[in-house]
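>>> Predicted model and sequence follow; I will ask about them next.
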Amino acid sequence: MFDLFVDALVDTAKMLPWLFVFYVAIEFIEFKFGGKIREKIKTAGKAGPLVGAALGSVPQCGFSVISTALYTQRLITTGTLLAVYLSTSDEAIPIILAQPDKVGVLLPLLTVKIIIGVVAGYSIDLVGGRLSNAYMESEICAALEDGHLPGEDSDEKGCCGHSCGAEKPPFREIIIHPLVHTLKIFVFLFGVTLLLNFLIFKIGEENLHGLLLGNSIWQPVIVALVGLIPNCAASLAVTQIFLSGGIGFGAAVAGLSASAGLGILVLVKENRNLKDTLRIIGILYAASVISGIVIQYFYK
(Lines give C-alpha, C1' and ligand atoms only; values in the text may rest on other atoms or scores of the structure.)
Protein backbone atom coordinates (compact mmCIF):
# COMPACT_ATOMS: atom_id res chain seq x y z
CA MET A 1 0.00 0.00 0.00
CA PHE A 2 2.88 2.34 0.84
CA ASP A 3 4.35 1.71 -2.62
CA LEU A 4 1.05 2.79 -4.21
CA PHE A 5 1.18 6.00 -2.19
CA VAL A 6 4.77 6.74 -3.20
CA ASP A 7 4.15 5.95 -6.88
CA ALA A 8 1.12 8.27 -6.98
CA LEU A 9 3.05 11.01 -5.17
CA VAL A 10 6.04 10.79 -7.51
CA ASP A 11 3.92 10.67 -10.67
CA THR A 12 1.90 13.68 -9.57
CA ALA A 13 4.89 15.68 -8.28
CA LYS A 14 6.49 15.50 -11.73
CA MET A 15 3.64 17.66 -13.05
CA LEU A 16 3.95 20.44 -10.44
CA PRO A 17 6.43 22.72 -12.29
CA TRP A 18 4.47 22.41 -15.55
CA LEU A 19 1.15 23.06 -13.84
CA PHE A 20 2.46 26.17 -12.10
CA VAL A 21 3.82 27.63 -15.35
CA PHE A 22 0.56 26.98 -17.19
CA TYR A 23 -1.59 28.44 -14.40
CA VAL A 24 0.54 31.59 -14.35
CA ALA A 25 -0.03 31.88 -18.10
CA ILE A 26 -3.77 31.29 -17.66
CA GLU A 27 -3.89 33.92 -14.90
CA PHE A 28 -2.18 36.45 -17.15
CA ILE A 29 -4.63 35.72 -19.99
CA GLU A 30 -7.52 36.17 -17.60
CA PHE A 31 -6.34 39.51 -16.27
CA LYS A 32 -5.13 40.86 -19.58
CA PHE A 33 -7.86 39.67 -21.94
CA GLY A 34 -10.81 38.68 -19.71
CA GLY A 35 -12.65 41.94 -20.36
CA LYS A 36 -12.02 41.81 -24.11
CA ILE A 37 -13.26 38.22 -24.33
CA ARG A 38 -16.39 39.20 -22.41
CA GLU A 39 -17.06 42.04 -24.84
CA LYS A 40 -16.52 39.75 -27.85
CA ILE A 41 -19.20 37.43 -26.55
CA LYS A 42 -21.60 40.27 -25.75
CA THR A 43 -21.35 41.84 -29.19
CA ALA A 44 -21.10 38.61 -31.25
CA GLY A 45 -24.73 38.74 -32.40
CA LYS A 46 -25.59 35.88 -34.76
CA ALA A 47 -21.99 34.71 -34.63
CA GLY A 48 -22.43 34.05 -30.89
CA PRO A 49 -22.14 30.22 -30.92
CA LEU A 50 -19.06 30.37 -33.19
CA VAL A 51 -17.35 33.04 -31.09
CA GLY A 52 -18.42 31.36 -27.85
CA ALA A 53 -17.05 27.96 -28.88
CA ALA A 54 -13.76 29.45 -30.06
CA LEU A 55 -13.21 31.59 -26.97
CA GLY A 56 -14.54 28.89 -24.64
CA SER A 57 -11.67 26.64 -25.66
CA VAL A 58 -9.17 29.15 -24.27
CA PRO A 59 -7.90 27.77 -20.94
CA GLN A 60 -9.25 30.70 -18.93
CA CYS A 61 -10.24 30.26 -15.31
CA GLY A 62 -13.92 30.92 -14.73
CA PHE A 63 -14.90 31.66 -18.33
CA SER A 64 -18.00 29.47 -18.08
CA VAL A 65 -18.96 31.48 -14.98
CA ILE A 66 -18.66 34.78 -16.87
CA SER A 67 -20.70 33.40 -19.79
CA THR A 68 -23.37 32.17 -17.38
CA ALA A 69 -23.55 35.63 -15.81
CA LEU A 70 -24.06 37.14 -19.28
CA TYR A 71 -26.80 34.61 -20.01
CA THR A 72 -28.68 35.33 -16.79
CA GLN A 73 -28.59 39.01 -17.83
CA ARG A 74 -30.02 37.86 -21.18
CA LEU A 75 -27.05 39.28 -23.07
CA ILE A 76 -26.26 36.08 -24.96
CA THR A 77 -28.40 33.32 -26.48
CA THR A 78 -28.92 29.82 -25.12
CA GLY A 79 -26.94 28.49 -28.08
CA THR A 80 -23.98 30.74 -27.26
CA LEU A 81 -23.99 29.64 -23.62
CA LEU A 82 -24.09 25.96 -24.62
CA ALA A 83 -21.32 26.51 -27.18
CA VAL A 84 -19.14 27.89 -24.37
CA TYR A 85 -20.06 25.05 -22.01
CA LEU A 86 -19.35 22.34 -24.61
CA SER A 87 -16.01 23.77 -25.74
CA THR A 88 -14.74 24.53 -22.23
CA SER A 89 -12.32 21.92 -20.88
CA ASP A 90 -11.82 23.28 -17.35
CA GLU A 91 -8.62 21.65 -15.99
CA ALA A 92 -8.04 19.27 -18.92
CA ILE A 93 -5.62 21.43 -20.91
CA PRO A 94 -3.10 22.08 -18.10
CA ILE A 95 -3.19 18.41 -17.07
CA ILE A 96 -2.50 17.24 -20.63
CA LEU A 97 0.25 19.82 -21.18
CA ALA A 98 1.87 18.78 -17.90
CA GLN A 99 2.47 15.34 -19.45
CA PRO A 100 4.56 16.03 -22.59
CA ASP A 101 4.18 12.47 -23.90
CA LYS A 102 0.38 12.95 -24.05
CA VAL A 103 0.32 16.35 -25.79
CA GLY A 104 -0.61 14.73 -29.12
CA VAL A 105 -4.22 14.23 -27.98
CA LEU A 106 -4.75 17.93 -27.17
CA LEU A 107 -5.34 19.36 -30.66
CA PRO A 108 -7.84 16.64 -31.74
CA LEU A 109 -9.66 17.01 -28.41
CA LEU A 110 -9.97 20.81 -28.64
CA THR A 111 -10.92 20.69 -32.33
CA VAL A 112 -13.69 18.15 -31.77
CA LYS A 113 -15.06 20.05 -28.76
CA ILE A 114 -15.15 23.36 -30.69
CA ILE A 115 -17.00 21.67 -33.57
CA ILE A 116 -19.50 20.15 -31.12
CA GLY A 117 -19.99 23.55 -29.49
CA VAL A 118 -20.60 25.33 -32.79
CA VAL A 119 -22.98 22.70 -34.19
CA ALA A 120 -24.96 22.34 -30.95
CA GLY A 121 -25.05 26.10 -30.34
CA TYR A 122 -26.45 27.01 -33.76
CA SER A 123 -28.82 24.03 -33.70
CA ILE A 124 -30.33 25.13 -30.39
CA ASP A 125 -30.76 28.72 -31.53
CA LEU A 126 -32.17 27.77 -34.93
CA VAL A 127 -34.49 25.06 -33.63
CA GLY A 128 -35.79 27.57 -31.11
CA GLY A 129 -36.46 29.89 -34.02
CA ARG A 130 -35.22 32.88 -32.07
CA LEU A 131 -31.56 33.33 -32.86
CA SER A 132 -31.40 36.76 -31.23
CA ASN A 133 -34.24 36.46 -28.74
CA ALA A 134 -31.99 36.38 -25.69
CA TYR A 135 -30.57 39.78 -26.54
CA MET A 136 -32.27 42.75 -24.95
CA GLU A 137 -31.77 44.82 -28.08
CA SER A 138 -33.09 48.14 -26.85
CA GLU A 139 -30.93 47.95 -23.73
CA ILE A 140 -27.82 47.02 -25.70
CA CYS A 141 -28.36 49.74 -28.32
CA ALA A 142 -28.84 52.35 -25.63
CA ALA A 143 -25.75 51.12 -23.78
CA LEU A 144 -23.65 51.19 -26.96
CA GLU A 145 -24.61 54.82 -27.46
CA ASP A 146 -23.23 55.50 -23.98
CA GLY A 147 -20.06 53.62 -24.86
CA HIS A 148 -20.51 50.57 -22.64
CA LEU A 149 -22.61 47.44 -22.36
CA PRO A 150 -24.98 46.19 -19.67
CA GLY A 151 -23.18 44.38 -16.87
CA GLU A 152 -19.88 46.03 -17.76
CA ASP A 153 -19.66 47.70 -14.39
CA SER A 154 -20.71 44.62 -12.44
CA ASP A 155 -18.18 42.95 -10.18
CA GLU A 156 -17.66 39.83 -12.28
CA LYS A 157 -15.31 37.31 -10.79
CA GLY A 158 -13.25 34.39 -11.99
CA CYS A 159 -13.50 30.87 -10.63
CA CYS A 160 -11.69 31.63 -7.40
CA GLY A 161 -13.19 35.01 -6.61
CA HIS A 162 -10.71 37.38 -8.24
CA SER A 163 -11.61 40.05 -10.75
CA CYS A 164 -11.04 39.52 -14.47
CA GLY A 165 -9.80 41.92 -17.11
CA ALA A 166 -7.40 44.06 -15.10
CA GLU A 167 -4.93 46.11 -17.13
CA LYS A 168 -1.97 45.45 -14.83
CA PRO A 169 -2.34 42.27 -12.79
CA PRO A 170 -0.82 42.62 -9.28
CA PHE A 171 2.29 40.55 -8.73
CA ARG A 172 0.62 38.81 -5.81
CA GLU A 173 -2.33 37.74 -7.96
CA ILE A 174 -0.23 36.63 -10.91
CA ILE A 175 1.98 34.42 -8.70
CA ILE A 176 0.18 33.57 -5.46
CA HIS A 177 -3.18 32.65 -6.99
CA PRO A 178 -1.62 30.26 -9.58
CA LEU A 179 0.49 28.73 -6.81
CA VAL A 180 -2.54 28.10 -4.60
CA HIS A 181 -4.49 26.78 -7.58
CA THR A 182 -1.60 24.49 -8.54
CA LEU A 183 -1.47 23.04 -5.02
CA LYS A 184 -5.24 22.44 -5.01
CA ILE A 185 -5.06 20.67 -8.37
CA PHE A 186 -2.05 18.71 -7.12
CA VAL A 187 -4.13 17.38 -4.20
CA PHE A 188 -7.04 16.45 -6.51
CA LEU A 189 -4.69 14.86 -9.04
CA PHE A 190 -2.82 12.92 -6.36
CA GLY A 191 -6.13 11.61 -5.01
CA VAL A 192 -7.32 10.48 -8.45
CA THR A 193 -3.98 8.84 -9.27
CA LEU A 194 -3.82 7.06 -5.90
CA LEU A 195 -7.40 5.82 -6.32
CA LEU A 196 -6.66 4.49 -9.82
CA ASN A 197 -3.51 2.75 -8.60
CA PHE A 198 -5.44 1.23 -5.70
CA LEU A 199 -8.28 -0.01 -7.92
CA ILE A 200 -5.84 -1.57 -10.39
CA PHE A 201 -3.98 -3.22 -7.50
CA LYS A 202 -7.18 -4.56 -5.90
CA ILE A 203 -9.30 -5.63 -8.88
CA GLY A 204 -6.84 -5.72 -11.75
CA GLU A 205 -6.52 -3.58 -14.86
CA GLU A 206 -8.77 -5.83 -16.96
CA ASN A 207 -11.56 -5.81 -14.37
CA LEU A 208 -11.33 -2.03 -13.99
CA HIS A 209 -11.53 -1.70 -17.76
CA GLY A 210 -14.67 -3.83 -17.63
CA LEU A 211 -16.26 -1.71 -14.89
CA LEU A 212 -15.75 1.35 -17.09
CA LEU A 213 -17.50 -0.55 -19.93
CA GLY A 214 -14.25 -1.05 -21.82
CA ASN A 215 -14.41 0.87 -25.08
CA SER A 216 -18.15 0.30 -25.38
CA ILE A 217 -20.13 2.96 -27.22
CA TRP A 218 -22.18 3.31 -23.99
CA GLN A 219 -19.16 4.44 -22.00
CA PRO A 220 -19.87 8.15 -22.78
CA VAL A 221 -23.26 7.85 -20.99
CA ILE A 222 -21.51 7.22 -17.68
CA VAL A 223 -18.53 9.53 -18.18
CA ALA A 224 -20.75 12.47 -19.18
CA LEU A 225 -22.56 12.12 -15.84
CA VAL A 226 -19.20 12.51 -14.09
CA GLY A 227 -18.48 15.56 -16.22
CA LEU A 228 -21.70 17.24 -15.06
CA ILE A 229 -20.38 17.45 -11.50
CA PRO A 230 -19.76 21.22 -11.03
CA ASN A 231 -16.22 20.94 -9.74
CA CYS A 232 -12.79 21.01 -11.37
CA ALA A 233 -12.19 17.53 -9.93
CA ALA A 234 -14.64 16.14 -12.51
CA SER A 235 -12.69 17.27 -15.59
CA LEU A 236 -9.45 16.38 -13.83
CA ALA A 237 -10.64 12.83 -13.14
CA VAL A 238 -11.97 12.33 -16.69
CA THR A 239 -8.70 13.59 -18.18
CA GLN A 240 -6.45 11.51 -15.96
CA ILE A 241 -8.46 8.30 -16.50
CA PHE A 242 -8.39 8.95 -20.27
CA LEU A 243 -4.62 9.54 -20.29
CA SER A 244 -4.12 6.33 -18.31
CA GLY A 245 -6.13 4.38 -20.90
CA GLY A 246 -9.19 3.72 -18.73
CA ILE A 247 -11.70 5.29 -21.13
CA GLY A 248 -11.83 5.87 -24.87
CA PHE A 249 -11.50 9.13 -26.79
CA GLY A 250 -15.26 9.40 -27.32
CA ALA A 251 -15.95 8.98 -23.61
CA ALA A 252 -13.32 11.60 -22.79
CA VAL A 253 -14.96 14.03 -25.23
CA ALA A 254 -18.36 13.35 -23.63
CA GLY A 255 -17.07 13.87 -20.10
CA LEU A 256 -15.14 17.04 -20.90
CA SER A 257 -17.94 18.48 -23.03
CA ALA A 258 -20.38 18.06 -20.15
CA SER A 259 -17.85 19.57 -17.74
CA ALA A 260 -18.81 23.26 -17.61
CA GLY A 261 -17.06 23.79 -14.29
CA LEU A 262 -18.68 26.20 -11.85
CA GLY A 263 -20.83 27.64 -14.63
CA ILE A 264 -23.56 25.12 -13.81
CA LEU A 265 -23.62 26.16 -10.15
CA VAL A 266 -23.96 29.82 -11.12
CA LEU A 267 -26.73 28.95 -13.58
CA VAL A 268 -28.70 27.07 -10.91
CA LYS A 269 -28.24 29.91 -8.46
CA GLU A 270 -28.81 32.94 -10.71
CA ASN A 271 -31.24 31.80 -13.41
CA ARG A 272 -34.74 32.56 -12.16
CA ASN A 273 -36.35 30.09 -14.56
CA LEU A 274 -35.84 26.59 -13.12
CA LYS A 275 -37.37 24.95 -16.19
CA ASP A 276 -34.90 26.80 -18.42
CA THR A 277 -32.00 25.76 -16.19
CA LEU A 278 -32.99 22.09 -16.32
CA ARG A 279 -33.47 22.35 -20.09
CA ILE A 280 -29.95 23.72 -20.54
CA ILE A 281 -28.40 21.01 -18.34
CA GLY A 282 -30.39 18.35 -20.20
CA ILE A 283 -29.28 19.63 -23.61
CA LEU A 284 -25.67 19.84 -22.40
CA TYR A 285 -25.76 16.23 -21.24
CA ALA A 286 -27.55 14.97 -24.36
CA ALA A 287 -25.19 16.78 -26.76
CA SER A 288 -22.17 15.44 -24.85
CA VAL A 289 -23.43 11.86 -24.79
CA ILE A 290 -24.53 11.78 -28.45
CA SER A 291 -21.22 13.27 -29.60
CA GLY A 292 -19.27 10.86 -27.42
CA ILE A 293 -21.18 7.81 -28.66
CA VAL A 294 -20.68 8.77 -32.32
CA ILE A 295 -16.95 9.35 -31.78
CA GLN A 296 -16.60 6.18 -29.69
CA TYR A 297 -18.21 4.18 -32.48
CA PHE A 298 -15.95 5.46 -35.26
CA TYR A 299 -12.76 6.16 -33.28
CA LYS A 300 -11.03 2.93 -32.30
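Received, thanks. Residues are numbered from 1 along each chain as shown.
>>> For Ser291, list the residues it contacts.
Val112, Ile116, Pro220, Gly250, Val253, Ala254, Ser257 (CB atoms under 8 Å, 6 or more residues apart in numbering). Just so you know, the C-beta spots here come from the backbone N, C-alpha and C atoms, and that holds for glycine as well.
>>> quick one: least confident helix or strand in this structure?
Taking all helices and strands of the chain together, the one with the lowest average confidence (mean pLDDT, DSSP states H and E) is helix 137-146, at a mean of 41.
>>> In helices, which of the contacts of Ser291 appear?
Counted as lying in helices by DSSP state H, out of the contacts of Ser291, are Val112, Ile116, Pro220, Gly250, Val253, Ala254, Ser257.
>>> Which strands or helices does the helix or strand where Gly52 lies pack on?
With elements delineated by DSSP states H and E, Gly52 resides in helix 48-56, which encompasses its position. Applying 3 or more CB pairs under 8 Å, 6 or more residues apart in numbering; DSSP states H and E, we find helix 48-56 packed against helix 16-42, helix 63-72, helix 78-87, helix 106-128.
>>> Quick one: closest of those helices to Phe188.
helix 16-42 (11.1 Å; CB to CB).
>>> Quick check, Leu189 in contact with Ile241.
No - contact criterion CB atoms under 8 Å: Leu189 and Ile241 do not qualify, at 11.6 Å.
>>> more crowded one of these two?
Neighbours were tallied for Leu189 and for Ile241 using other CB atoms under 10 Å; the higher tally belongs to Leu189 (26 against 21).
>>> which among the ones in helices among the contacts of Ser291 gets closest to Ala237?
Taking CB to CB as the measure, Ala237 lies nearest Ala254 of the ones in helices among the contacts of Ser291, at 13.5 Å.
>>> Isn't Gly48 up against Gly79?
Yes - checked against CB under 8 Å, the pair Gly48 and Gly79 is within contact range at 6.6 Å.
>>> and for these two, which residues touch both?
Listed as contacting both Gly48 and Gly79 by CB under 8 Å, 6+ apart are Gly121, Asp125.
>>> re earlier: so which of the ones in helices among the contacts of Ser291 wins on neighbours?
Ala254 (34 neighbours).
>>> now that residue: how far from Lys269?
Between Ala254 and Lys269 the distance is 25 Å, computed by CB to CB, to the nearest Å.
>>> Good, we can wrap up now.
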